[in-house]
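Undergrad: A structural model of the following input is requested.
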Amino acid sequence: MKKLAFLPVAALVGILFLQANPKPEADTFHAMQPEAPALPADVKAIVQQKCYGCHNPQSKNEKGKAKLDWDALEAAKKSKSLATMGKIKETLEEGTMPPARFLESNPDKKLTAEEAATLLQWTTGKKK
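TA: Numbers count the residues shown, from 1 in each chain. From the prediction side, this is the model:
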């Protein structure tokens, strides 16, 4: 009989606990998800001028679009964004972007040493 008397007290404690710790709302949940940092203005300018033509969702360059989509990068979670930034860093260090064949017909898209350095600093998270 004493065990049954404990049941209403346990139920009341459970209800109070649930009210004290409500489930996060959808907006709160998404706000807690780590997001990729926004592109700094100087990086965004370089990307728009030199990279975005091939690396965007509407690009006709299927290979470029598949390798990197700048729109998706900006919308990605932080972990995916950091992994992609690591690949961008490797590509910058190798000097393989933009490809030489592409530059033959688009010499204006070649990254200057300063632009490459700006992008490289961004990928490593270092400030100027």
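Undergrad: surely Trp122 meets Lys44?
TA: No - the criterion here is CB atoms under 8 Å, and Trp122 misses it with Lys44 at 9.8 Å. Bear in mind the C-beta positions are built from the backbone N, C-alpha and C, glycine included.
Undergrad: who's more crowded, the two?
TA: Taking neighbours as other CB atoms under 10 Å, Trp122 and Lys44 compare with Trp122 leading, 23 against 15.
Undergrad: state the distance from that one to Lys89.
TA: The span separating Trp122 from Lys89 equals 9 Å under the rule CB to CB, to the nearest Å.
Undergrad: please apply the same query to Ala66.
TA: 19 Å.
Undergrad: C-terminal to the lowest-mean-pLDDT helix or strand in the chain, what's the next element?
TA: Ranked by mean pLDDT, DSSP states H and E, the weakest helix or strand in the chain is helix 26-32, scoring a mean of 47. Heading C-terminal from helix 26-32, the first helix or strand you meet, by DSSP states H and E, is helix 41-46.
Undergrad: just for the protein, where's the confidence low?
TA: For the chain, residues meeting the criterion pLDDT under 70 lie at 1-37, 127-128.
Undergrad: which outside residues touch stretch 46-54?
TA: Contacts to stretch 46-54, defined as CB atoms under 8 Å, 6 or more residues apart in numbering, come from residues 39, 59, 61, 64-65, 68, 70, 97-98, 102, 109-111, 115, 118-119.
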